[in-house]
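Participant: sequence unknown, structure follows:
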């Protein structure tokens, strides 16, 4: 999903943005935990309530923003009621946080009443902002992981308290943390696998 593809196919996209061929940049706004982007992936009724699904999200963020500015963002999936995904903090947060950790809460125009998962996990020794992150979500198992290239390969995983309902449809959602933060997205790739 390239920047202009995201603009063309999003069911919601924050208006405080600029878009080029290289990236879509969401600028400071007025809402904390604001929804930035919503892209429908699976319509309601395609899968059963209990269909075992694995969703893998690969995202490339702008290193110059995440490495030097306030830029905490969250990528994940919603069934229209609940959101589950991973929080990706900026480099400044690496002082006391891992480079990615789980997050969940009620889906909406902002991600309020959220809960963090494995936020206190061990931190890698590498402190650079990698830009690319790989998120894996197991819908039926309420489990997920995130991967970065730190220390030759860093993984953080966790179990979510809520379970998404695939029969209600699934949507990719992106949020940010503080209202003043900026988020630069070069691309997002999503793979949905029906497990045997």
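Facilitator: That came through, no problem. It should be emphasised that the depicted structure is a prediction, and the values quoted were computed from it without experimental measurement.
Participant: spatially central residue in this protein, please.
Facilitator: When C-alpha atoms, centre = their mean is applied to the chain, the residue found nearest the centroid is residue 75 (0.7 Å).
Participant: for the strand or helix carrying that residue, packing partners?
Facilitator: For residue 75, the element it lies in under DSSP states H and E is strand 73-78. Secondary-structure packing of strand 73-78 (3 or more C-beta pairs under 8 Å, 6 or more residues apart in numbering; DSSP states H and E): strand 35-42, strand 53-61, strand 82-88, strand 101-106, strand 132-138, strand 170-176. All C-beta atoms are positioned from the backbone trio N, CA, C, and that covers glycine.
Participant: which residues are contacting stretch 130-141?
Facilitator: Taking contacts as C-beta atoms under 8 Å, 6 or more residues apart in numbering, the residues outside stretch 130-141 that touch it are 50-63, 66, 75-77, 84-86, 88, 99-100, 143-150, 163-164, 166, 186, 195.
Participant: let's see that with 7 Å instead.
Facilitator: For stretch 130-141, the external contacting residues (C-beta atoms under 7 Å, 6 or more residues apart in numbering) are 50, 52-61, 63, 66, 75, 77, 84-86, 88, 100, 144-150, 164, 166.
Participant: do stretch 80-97 as well
Facilitator: Applying C-beta under 7 Å, 6+ apart, the contact partners of stretch 80-97 are 61, 66-67, 69-77, 100-107, 111, 116, 119, 123, 127, 129, 133, 135, 137, 144, 146, 160, 162, 164, 168-169, 171, 173.
Participant: list the buried ones in it?
Facilitator: 82-94, 97 (16 or more other C-beta atoms under 10 Å).
Participant: return the distance of that stretch from the chain's centre.
Facilitator: For stretch 80-97, the distance from its own C-alpha centre to the chain's C-alpha centre is 8 Å (C-alpha atoms, centre = their mean, to the nearest Å).
Participant: what does stretch 142-160 give?
Facilitator: Distance, stretch centre to chain centre, for stretch 142-160: 13 Å (C-alpha atoms, centre = their mean).
Participant: how about stretch 94-104?
Facilitator: For stretch 94-104 - counting by C-alpha atoms, centre = their mean - the centre lies 12 Å from the chain centre.
Participant: quick check: mean pLDDT across it?
Facilitator: Along stretch 94-104, the predicted local confidence has a mean pLDDT of 95.
Participant: re the thing from before, any chance of the helices and strands packed on strand 73-78 in CSV, with distance to residue 155 too?
Facilitator: Rendered in CSV, the data for the helices and strands packed on strand 73-78 read as follows (distance: least, C-beta to C-beta, whole Å):
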stretch, distance to residue 155
strand 35-42, 24
strand 53-61, 13
strand 82-88, 11
strand 101-106, 11
strand 132-138, 9
strand 170-176, 21
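Participant: residue 73 reaches residue 185, doesn't it?
Facilitator: No. The criterion here is C-beta atoms under 7 Å, and residue 73 misses it with residue 185 at 8.2 Å.
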